[in-house]
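Participant: Return atomic coordinates for the entry below.
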Amino acid sequence: MKRAFKRVVICVATLALGCALGCAAADTAAPDAETVDADEPIQAAEADSSAASDAESVAEGEGGANPSELKPGEYEVEVDTDSSMFHVNEACDGMGVLTVSEDGSMVVHFSLVSKKIVNLYVGTAAEAEVDAGNLLEPTVDVVTYDDGMEEEVFGFDVPVPALDEPFDVAILGAKGVWYDHTVTVSSPESE
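Facilitator: Below you'll find the model as predicted:
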């Protein structure tokens, strides 16, 4: 009887370990891997072809949203960060507002998920610690979630050196520690 019990315990432990390892392996799979239908590869190939011709058009100066040719005004843009702890509020769907001035300089405004990031600096954490005069102060934004709930969070107006290229930012948390991150602003669309 003891022998049978030990076998059951060993089998259960082996199954649990196998499930845990299998789940861990699934979590470490390529994040871009998705299940696709048989029809999707054709559509993806068509989209890739279209994107390539759009890129060639922009390179040749024909149409498109060439970052150096954005007219002054406001644009809705995607704002991507390198962190799940520092990102655009989900109520904003990963989007921010890019303002292009007459001289071509760009500033993006985006809302965060809380009020726990108290300052931001364009550059690294080491640079931020010695250049306190150029810290970006937060704005208080009100976001509305899909369920209708509203919340006050911090937002920031961040100078953008270039579109579609990651740039360094340092964030200062409520505990007084600086952290290095990157932000990428892309896909401008007129509002």
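Participant: what's the closest non-adjacent residue to residue 150?
Facilitator: Excluding its sequence neighbours, the residue lying closest to residue 150 (Cβ to Cβ, 6 or more residues apart in numbering) is residue 144, at 5.1 Å. Where you see a C-beta, it was placed from the backbone N, CA and C, and this is true even at glycine.
Participant: distance of the one you found from residue 153?
Facilitator: 11 Å (Cβ to Cβ, to the nearest Å).
Participant: and those two? which has more neighbours close in?
Facilitator: Neighbour count, other Cβ atoms under 10 Å: between residue 144 and residue 153, residue 153 has more, with 20 against 11.
Participant: tell me which element that one falls in.
Facilitator: Assessed by DSSP states H and E, residue 153 sits inside strand 150-160.
Participant: which strands and helices sit next to that strand?
Facilitator: strand 106-111, strand 117-122, strand 139-144 (3 or more Cβ pairs under 8 Å, 6 or more residues apart in numbering; DSSP states H and E).
Participant: Residue 101: what's it in contact with?
Facilitator: Applying Cβ atoms under 8 Å, 6 or more residues apart in numbering to residue 101 gives the contacts 72, 107.
Participant: Now it. Its backbone dihedrals?
Facilitator: Here is the backbone geometry of residue 101 (degrees, to the nearest 10): phi -90, psi 170.
Participant: Residue 130 now?
Facilitator: When quoted as degrees, to the nearest 10, the phi and psi of residue 130 stand at phi -100, psi -10.
Participant: Could I get the pLDDT score of it?
Facilitator: According to the prediction, residue 130 has pLDDT 96.
Participant: what about it, how many neighbours?
Facilitator: Residue 130 is flanked by 7 other residues according to other Cβ under 10 Å.
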